[in-house]
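# fold the following, please.
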Amino acid sequence: MKKKNFFHKSVEYMRNITVSGSSYKYGLFYGFIALIFLLLKQVFSFIFYDSTDIEGYSKYIVVFIILFVLLSCFLIIYILKLNEKNFFARNYIMLYPYFFIILGVFISNLYLDNLDLILSMVVIVIMLTWIQIYKITKRMLVYSSIIIFFYLYQFVFDGNNTPLFENSSFILMLTFISFLVSTVYCQVYNHNQNAIKTLNEHNDNINLVIQDLKKTYEDLTTSKKITRALYEMTQEVLKNEKIENLMQLILDKAISFIPNGQAGSILILDNNKMKFVAAKGYKIENLKKVVLYPEDLFQATLDDKFQPTVIKNLEVFDENHLGKEKTLKLKEESAVIAKSCLTCSFKLAGEFFGSINIDNFDGEDIFVEKDMDLIKQFTEEIEIILSIHNLYEKALRPTKYDDLTEAKTRKYSMKLINDLINRGLKNVISICTIDINNLKKTNDLYGHDIGDKYLEYFSRTIIDLDIEDNIFGRIGGDEFILVFDKLNKEKATKEILKIKKAFKENPLKFEENSIEISFSVGVSEYPFDSENIDDLIKLSDKRMYKDKNIQKLI
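Okay, here's the model as predicted:
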């Protein structure tokens, strides 16, 4: 692109001032230019005119003083960058044409020759025509003032015997023509201003439409992304039965979609208590130690608890609403209290079930209306996913999990073990066959209901223990299978000892009875013992019976 020189920039600036500038800027610019032009004219006339052609140099001094004062006022306005709201600048520009007329009177009456006087007056009147955009009232006053000031000067200083009075018809005609020219110019200027205003309004409307289209496009893009995220999360329902994993996925997505989200958590209702099931920016293990009830939530203070809202200065709210003890506990476990929390509740089967919270640590007014719309959309998605999860629980979970023990079924366990072996990684896998000791004796002594509690307690204890990633399934009756991925026999045995210790320290208690649960176990290792799953299970089963016989001898 060709760089514009000073001349082109000046022409472009003058065009912008003339066509689209405000009347104040127009008068400021062209008034200053007119004074510069008159100053140059007077300098040249002072140099080139003979002393016999002018009335005297004393009037030159008066003209130069007036020029200097008027130019100084313009320079003050330019240097201080005064706008039309400034009292001095506004009134100076308003009165400037009359000062210009007085200056013109002095300049015209410098010359003794009638023609020079008339030509000088013509120049002044023409310049007066374009130095400002006059409204009708001011236009009439300005052009009336031309005649009044010129004739008043002649009458006061020179009497009636001056050449100017001999050309009164010419002066009147010149003033009238200038008035007409100024009127036409004013109309053209106003027409241009109205056209520019209309065009700007049209452009503003177009920009508003463009902004609306951009917003609609952004909303559609976001909606599309959220829909895709919903699809992914729906797929996760079928892959991962744990509601905690699903909630964590939803939370991660929500924080990534909400621009100012830095951390967050999801709580769900569990046995009339609020349970943290997902967290980001906080340790979920720590948050789970905090006991909250539905009435402790901010939503409990709202008429509509399912509308998104923002909690400002969370620490102050917690102290006022939860009390200092719970607030201190939250602070201990989460380390940092957010300055702003965007929160919204969600339902399950039409009833309150939980809330999602998106936190920011930088400011109290960080979240905007759009963020509230986004979190509302995510709560609606949570409700859909929870409904799908419930349907999954009812329809598919019984095929994968044993009703009594919640351990995986034999068929599902075998599928998962096959998947581990068939993935082709040749990672070590330990397969443990478990048989509960003394279950028949328990059934005979206390009845089958206690026997069921025995099985249920055994399974729940193993599921809840913090042991390495595993597959835990019920093969049948009192036999279970426990599979450790990437653990050899030695490491798997350590995990088994951890389980035995847990049962020793936490016996099954019912009524006034206490039963210490024990079990026999056998371990086989893939691929060291075999690469065939049936052979591995037979081997672990054989070793389990060996362990059972040893325990009977003790």
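
# chain neighbours aside, what residue packs nearest to residue 17?
The shortest distance from residue 17 to any non-neighbouring residue, by Cβ to Cβ, 6 or more residues apart in numbering, is to residue 29 (5.0 Å). Backbone N, C-alpha and C define where each C-beta goes, glycine included.

# how about that neighbour, what does it touch?
Contacts for residue 29 (Cβ atoms under 8 Å, 6 or more residues apart in numbering) come out as 14, 17, 21.

# tell me which other helices or strands the helix or strand the second one falls within touches.
Which is residue 17. If you go by DSSP states H and E, residue 17 is part of helix 6-20. Under the contact definition 3 or more Cβ pairs under 8 Å, 6 or more residues apart in numbering; DSSP states H and E, helix 6-20 sits against helix 23-48, helix 168-239.

# next SSE downstream of the longest one?
Read it as helix 168-239. Of the helices and strands lying after helix 168-239 in sequence (DSSP H and E), the nearest is helix 243-257.

# would you mind writing the CA trace of that following helix as PDB?
The C-alpha trace of helix 243-257 is given here as PDB (Å, rounded to 0.1, in the frame of the first residue of the first chain):
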ATOM      1  CA  ILE A 243     -21.600 -41.800  38.600                       C
ATOM      2  CA  GLU A 244     -18.600 -40.000  40.100                       C
ATOM      3  CA  ASN A 245     -16.600 -40.500  36.900                       C
ATOM      4  CA  LEU A 246     -19.600 -39.100  34.900                       C
ATOM      5  CA  MET A 247     -19.900 -36.100  37.100                       C
ATOM      6  CA  GLN A 248     -16.200 -35.400  36.900                       C
ATOM      7  CA  LEU A 249     -16.400 -35.500  33.100                       C
ATOM      8  CA  ILE A 250     -19.300 -33.000  33.200                       C
ATOM      9  CA  LEU A 251     -17.400 -30.700  35.600                       C
ATOM     10  CA  ASP A 252     -14.300 -30.700  33.500                       C
ATOM     11  CA  LYS A 253     -16.300 -29.900  30.400                       C
ATOM     12  CA  ALA A 254     -18.300 -27.100  32.200                       C
ATOM     13  CA  ILE A 255     -15.100 -25.400  33.400                       C
ATOM     14  CA  SER A 256     -13.600 -25.600  30.000                       C
ATOM     15  CA  PHE A 257     -16.700 -24.000  28.400                       C
END
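
# what about residue 98, how many neighbours?
15 (other Cβ atoms under 10 Å).

# these two touch, right, it and residue 142?
Yes: with contact defined as Cβ atoms under 8 Å, residue 98 counts as touching residue 142 (7.2 Å).

# which of the helices and strands packed on helix 6-20 sits most buried?
Ranked by mean neighbour count, the helices and strands packed on helix 6-20 are led by helix 23-48 with a mean of 16 (mean count of other Cβ atoms under 10 Å).

# quick check: mean pLDDT across the helix or strand that that helix is followed by?
Per DSSP H and E, the first helix or strand lying C-terminal to helix 23-48 is helix 57-80. For helix 57-80, the mean per-residue pLDDT is 87.

# next: stretch 547-554.
The pLDDT scores in stretch 547-554 average 82.

# repeat that for stretch 108-115.
For stretch 108-115, the mean pLDDT works out to 73.

# what about that stretch, start to end distance?
End-to-end distance for stretch 108-115, by Cα to Cα, to the nearest Å: 10 Å.

# and that stretch, which residues are buried?
Buried residues in stretch 108-115, counted by 16 or more other Cβ atoms under 10 Å: 108-111.

# go on, stretch 130-138?
If you call a residue buried by 16+ other Cβ under 10 Å, then stretch 130-138 has these buried ones: 130-134.

# dump those to a markdown table, plus pLDDT.
Shown next, in a markdown table, are the buried residues of stretch 130-138 (pLDDT from 0 to 100):
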| residue | pLDDT |
| --- | --- |
| 130 | 84 |
| 131 | 87 |
| 132 | 88 |
| 133 | 86 |
| 134 | 87 |
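
# next, format these as CSV and append distance to residue 190.
CSV is the format used below for the buried residues of stretch 130-138 (distance: Cβ to Cβ, whole Å):
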residue, distance to residue 190
130, 15
131, 17
132, 13
133, 8
134, 11
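
# quick check, nearest of these to residue 36?
The closest of the buried residues of stretch 130-138 to residue 36 turns out to be residue 131 (Cβ to Cβ; 11.7 Å).

# now the helix holding residue 17 - C-alpha only, CSV.
Output in CSV follows, covering the C-alpha atoms of helix 6-20 (Å, rounded to 0.1, in the frame of the first residue of the first chain):
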residue,chain,number,x,y,z
PHE,A,6,1.8,15.4,3.7
PHE,A,7,-0.1,17.0,0.8
HIS,A,8,-2.5,14.0,0.4
LYS,A,9,-3.0,13.8,4.2
SER,A,10,-3.8,17.5,4.4
VAL,A,11,-6.3,17.3,1.5
GLU,A,12,-8.0,14.3,3.1
TYR,A,13,-8.2,16.1,6.5
MET,A,14,-9.7,19.2,4.8
ARG,A,15,-12.3,17.0,3.0
ASN,A,16,-13.3,15.2,6.2
ILE,A,17,-13.6,18.5,8.1
THR,A,18,-15.7,20.1,5.2
VAL,A,19,-17.9,17.1,4.5
SER,A,20,-18.3,15.2,7.8
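
# what about that helix, average pLDDT?
In the prediction, helix 6-20 has an average pLDDT of 75.

# outside of it, which residues touch it?
4, 25-26, 29-30, 192-193, 196.

# what's the lowest-pLDDT member of these?
In terms of pLDDT, the lowest of the contacts of helix 6-20 is residue 4, showing 60.

# what about residue 81, how many neighbours?
Residue 81 is flanked by 8 other residues according to other Cβ under 10 Å.

# residue 124 now?
Residue 124 has 22 nearby residues by other Cβ under 10 Å.

# relative to the whole chain's centre, how far out is the helix or strand containing it?
Secondary structure from DSSP H and E places residue 124 in helix 114-130. The chain centroid and the centroid of helix 114-130 are separated by 63 Å under Cα atoms, centre = their mean, to the nearest Å.

# now do the buried residues in the helix or strand that comes right after it.
Per DSSP H and E, the first helix or strand lying C-terminal to helix 114-130 is helix 136-153. If you call a residue buried by 16+ other Cβ under 10 Å, then helix 136-153 has these buried ones: 139, 142-143, 145-147, 149-151, 153.

# if we can go back for a sec, how near is the residue nearest to residue 17 to residue 93?
From residue 29 across to residue 93, the span is 11 Å (Cβ to Cβ, to the nearest Å).

# for this structure, name the helix or strand with the lowest mean pLDDT.
Across the helices and strands of the chain, mean confidence by mean pLDDT, DSSP states H and E is lowest for helix 163-166: a mean of 56.

# got a ChimeraX select line for the buried ones in the contacts of residue 29?
What follows is the ChimeraX syntax selecting those of the contacts of residue 29 that are buried according to 16+ other Cβ under 10 Å:
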select :17,21
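
# need the helices for the stretch 401-550 of the chain, in chain order.
In the stretch 401-550 of the chain, the helices defined using DSSP state H, counting those that start in this stretch lie at 410-422, 439-446, 448-464, 489-505, 533-553.

# the longest one packs against which elements?
If I follow you right, that is helix 533-553. If contacts are counted by 3+ Cβ pairs under 8 Å, 6+ apart, helix 533-553 sits against helix 410-422, strand 429-436, strand 519-526.
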